[in-house]
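>>> curious how this folds, go ahead:
(one chain, ligands or ions: 2)
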Amino acid sequence: MSEAENKSKQALLGMSAKDISSLLPSCPSYVGAQIYGFLMDGKGFDEMTSLKKELRSTLAKDFIANPVEIVRTYRGKSGTKKYLFKLPDGNLIEGVYMPHDYGNTLCLSTQVGCRMGCTFCASGLDGLVRNLTAGEMLGQVIAVNRDEGGSVKQRKVAKLVLMGSGEPFDNYDNVLKFLDAVSDEKGINIGERNISLSTSGLCDKIVQFADSGHKVTLSISLHAPFDELRTALMPVNKAYGIDKIVAASKYYFQKTGRRVIFEYTLISGQNDSDECAKRLARLTSGFPSHVNLIRLNEVKENGYIAPTVDATEQFLHKLEALGVSATIRRSLGGDIDGACGQLRRRYIEEANV
Ligand code: SAH
Ligand code: SF4
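Ligands and ions are numbered 1, 2, ... in the order given. Alright, predicted model coming up:
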């Protein structure tokens, strides 16, 4: 099927059973629920064999089942698997599947590209291409669950992190729709306590989200404890500085009872000094929070250097000595260009050679 043909078709995944029924006025209403169930299992129209053949061909003519197609997979260390996905308009996004004893986790994307322009990140290099729909976020979950041999009844994907390309709170409405769709008990049913969302710190949206009644684990990308340094790494800091981030984090905790996780990507010679450790400890004291240290995944375009594993551990020990609850995060597939937008770029570069 050509991209032009696909682009004009509506995707059914992401719709409720009722919405699907309303698209098929000549079918009895239970058919919508049947199709919804098939879609959640990751089935294409040709596999929905309990539906009448004419209905299957009508569906295939007018709609797409899952808007997310797996183009390539790459295996990394300790079972990590990186996915390159294609959307109906030909855009590419990424995901990383990480098997864990406490629940297999999928890292998924919320936008094609990103407009935040963090200087160490590959996703922001080309700016924002477009927002993903709720169905395109759900489609990543369903496609990987199926690819790993799972179904709705026997899920292989148990946990989600919204940490692929994109700034989730820059696509707020669709992300909330997605959270509702993915936690639907009749669907894949991944509950919010098994979902983490990472934001670069759009504080108005953090407050709005805290008020929305949703209760995911919130990670905030801090990366620097001084405004000047943070602005150099993350231009968004001009709009929402560190004071605002700390205030929004406290508000999130008050409203949801969930402690906030601060992500801190260590970049050699930038944010790994003793002063940074001390200031970070001061900022995060006095309310429940946790610091996740990430070793930089080097991106060749920006020249930043990752600290050694030893230096990363030393920074951790400094924080611990200062009373900070902190851990070093296992890489999201760094050995397979796993960080944020790197795989997509490599694939596009290879295709252009
Ligand atoms: N836009 C959101 C979520 C996606 S990025 C955010 O920024 O929080 C997920 C995490 O990966 C963020 O903490 C981000 O800062 C971090 N990250 C981005 N590029 C990285 C790199 N090259 N090395 C290490 N971490 C990186
Ligand atoms: Fe966007 Fe997050 Fe990358 Fe910053 S780190 S450019 S917010 S995806």
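>>> pLDDT on stretch 212-230, on average?
Averaging the model's pLDDT scores along stretch 212-230 yields 96.
>>> going by neighbour count, list what's buried in it.
214-226, 229-230 (16 or more other C-beta atoms under 10 Å). Using the backbone N, CA and C atoms, a C-beta is placed for each residue, glycine as well.
>>> among those residues, name the ones in helices.
Residues of the buried residues of stretch 212-230 located in helices (DSSP state H): 229-230.
>>> list just the nearest of the buried residues of stretch 212-230 to ligand 2.
Of all the buried residues of stretch 212-230, ligand 2 sits closest to S221, with 5.9 Å by C-beta to the nearest ligand atom.
>>> from what I can see that closest one touches L197, true?
No: under the criterion of C-beta atoms under 8 Å, S221 is not in contact with L197, lying 11.2 Å apart.
>>> any idea how far I294 is from ligand 1?
According to C-beta to the nearest ligand atom, to the nearest Å, I294 stands 5 Å off from ligand 1.
>>> quick one: contacts for that residue?
Each residue near I294 by C-beta atoms under 8 Å, 6 or more residues apart in numbering is listed here: 263-266, 328-329, 331.
>>> which of those are close to ligand 1?
263, 265 (C-beta under 6 Å from any ligand atom).
>>> and the contacts of I294, which of them are buried?
Counted by 16+ other C-beta under 10 Å, the contacts of I294 give 263-266, 328, 331 as buried.
>>> now intersect those residues with the strands, please.
263-266, 328 (DSSP state E).
>>> quick check: the farthest pair among the buried ones among the contacts of I294?
Using C-beta to C-beta, the buried ones among the contacts of I294 span at most 14.3 Å, a distance reached by Y264 and S331.
>>> from the contacts of I294, which two are the most distant?
Using C-beta to C-beta, the pair of the contacts of I294 lying farthest apart is Y264 and S331, separated by 14.3 Å.
>>> which residues does stretch 47-58 contact?
With C-beta under 8 Å, 6+ apart, stretch 47-58 has contacts from 24, 27, 31, 34-35, 38, 45-46, 59.
>>> so which of those residues wins on neighbours?
Neighbour counts for those peak at I35, which has 28 neighbours (criterion: other C-beta atoms under 10 Å).
>>> can you give me phi and psi for that residue?
Main-chain dihedrals, I35, degrees, to the nearest 10: phi -60, psi -40.
>>> list the contacts for the closest residue to A33 other than its chain neighbours?
Leaving aside its sequence neighbours, A33 sits nearest to A17 (C-beta to C-beta, 6 or more residues apart in numbering; 4.2 Å). Residues counted as contacts of A17 (C-beta under 8 Å, 6+ apart) are 32-33, 35-36, 186.
>>> let's have the ones in strands among the buried ones among the contacts of I294 in TSV, adding distance to P235 and pLDDT.
Shown next, in TSV, are these (distance: C-beta to C-beta, whole Å; pLDDT from 0 to 100):
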residue	distance to P235	pLDDT
E263	17	95
Y264	18	96
T265	16	95
L266	20	96
I328	27	92
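>>> wait, which of those is closest to T105?
Closest approach between these and T105, by C-beta to C-beta: E263, at 15.6 Å.
>>> so what's that closest one bridging to?
Applying DSSP bridges to E263 gives these bridge partners: S221, N292.
>>> hang on, it packs against S198?
Yes: shown here, E263 and S198 form a contact pair, counting by C-beta under 8 Å, at 6.4 Å.
>>> thinking again about what came up before, what about the contacts of stretch 47-58, which are in helices?
Among the contacts of stretch 47-58, the ones falling in helices (DSSP H) are 31, 34-35, 38, 59.
>>> so who does V31 touch?
V31 touches 21, 24, 51, 55, counting by C-beta under 8 Å, 6+ apart.
>>> wait, the second one sits on G32?
Yes: counting by C-beta under 8 Å, L24 does reach G32; the two are 6.7 Å apart.
>>> what residues does the protein put near ligand 1?
Residues of the chain lying close to ligand 1 by C-beta under 6 Å from any ligand atom are 114, 118, 120-121, 163, 167, 198-200, 221, 263, 265, 294, 296-297, 299, 339-340.
>>> 5 Å instead, please
Neighbours of ligand 1 within the chain, by C-beta under 5 Å from any ligand atom: 121, 163, 167, 198, 200, 221, 263, 265, 294, 296-297, 299, 339-340.
>>> okay, and which of these map to strands?
Among these, the ones falling in strands (DSSP E) are 198, 221, 263, 265, 294.
>>> out of those, which is nearest to ligand 2?
Out of these, the member with the shortest distance to ligand 2 (by C-beta to the nearest ligand atom) is S221, at 5.9 Å.
>>> how near is that closest one to G32?
Counting by C-beta to C-beta, to the nearest Å, the gap from S221 to G32 is 40 Å.
>>> again, but for T80
37 Å.
>>> one step back: the ones in strands among the residues of the chain next to ligand 1 into TSV, with extra columns for distance to G323?
Shown next, in TSV, are these (distance: C-beta to C-beta, whole Å):
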residue	distance to G323
S198	24
S221	22
E263	19
T265	22
I294	21
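>>> please name the nearest non-neighbouring residue to K9.
Once flanking residues are discounted, K9 sits nearest to I64: 4.9 Å by C-beta to C-beta, 6+ apart.
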